[in-house]
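> Have a look at this fold, sequence not included:
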């Protein structure tokens with residue numbers, strides 16, 4: 001197994017930031033759905049957890065997903081990459097590409113998704129997510145109901 005990159009030091013404020021965001025959204029009526037992802041998951045756990053939830057048969061257009069991702073963010077020649085517990089700068093499979101978070105939404109039946117990136121280079125990640133989201137809207141099959149408001 002790969003060990004974490006020593007250049008990606010611990011960020012002690014992340015746990016408190018997560019607690020605050022959870023408290024805020026809980027006060028607005030949201031429920032935490034994937035608590036296992038709050039305990040320093042690796043990239044594959046994040047991908048699989050989100051995909052499993054989004055693709056579950058019980059999902060519908062009334063569902064709303066909020067993803068708050070706090071931690072290190074890397075930028076390479078192509079993508080913004082939020083890091084995970086075992087991430088290494090030179091191993092893209094140990095990180096996520098921000099665009100993946102939007103790609104996961106492609107075939108899901110949820111009505112709305114809010115992605116909050118609290119990382120270095122988050123503006124690059126936001127631009128990638130906006131680009132993917134625009135492509136999803138552009139390539140919606142004819143006759144598909146518009147989801148945007």
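Thanks, I have it. Small disclaimer: the values here were computed from a predicted structure and weren't measured.

> Let's check: the centremost residue of the chain is which one?
Nearest to the mean C-alpha position of the chain, counting by C-alpha atoms, centre = their mean, stands residue 101 at 4.4 Å.

> Check what pLDDT that one gets.
Per-residue confidence at residue 101 stands at 87 (pLDDT).

> Need the contact partners of the host helix or strand of it.
Taking DSSP states H and E as the criterion, residue 101 maps to helix 98-103. Where contact means C-beta atoms under 8 Å, 6 or more residues apart in numbering, the residues beyond helix 98-103 that reach it are 47, 50, 67, 69, 79-82, 115, 117, 124-126, 128-129, 131-133, 136. (C-beta placed from N, C-alpha, C; glycine too.)

> Pull out the buried residues from those residues.
Buried members of the contacts of helix 98-103, counted by 16 or more other C-beta atoms under 10 Å: 47, 50, 67, 69, 79-82, 115, 117, 124-125, 128-129, 132-133.

> So which of these sit within strands?
The strands, defined by DSSP state E, take in 67, 69, 80, 81, 82, 115, 117 from those.

> for the fourth one, which residues make a bridge with it?
When you say that, I think you mean residue 81. On the basis of DSSP bridges, residue 81 is bridged to residue 74.

> Can you name every helix or strand that the longest helix along the chain contacts?
Longest helix in the chain by number of residues (criterion: DSSP state H): helix 122-138. Here helix 122-138 touches strand 73-75, strand 80-82, helix 98-103, strand 112-118, going by 3 or more C-beta pairs under 8 Å, 6 or more residues apart in numbering; DSSP states H and E.

> Okay, now the unreliable bits of this protein?
1-8, 137-149 (pLDDT under 70).

> Flag every buried residue along stretch 103-115.
103, 104, 105, 108, 110, 113, 115.
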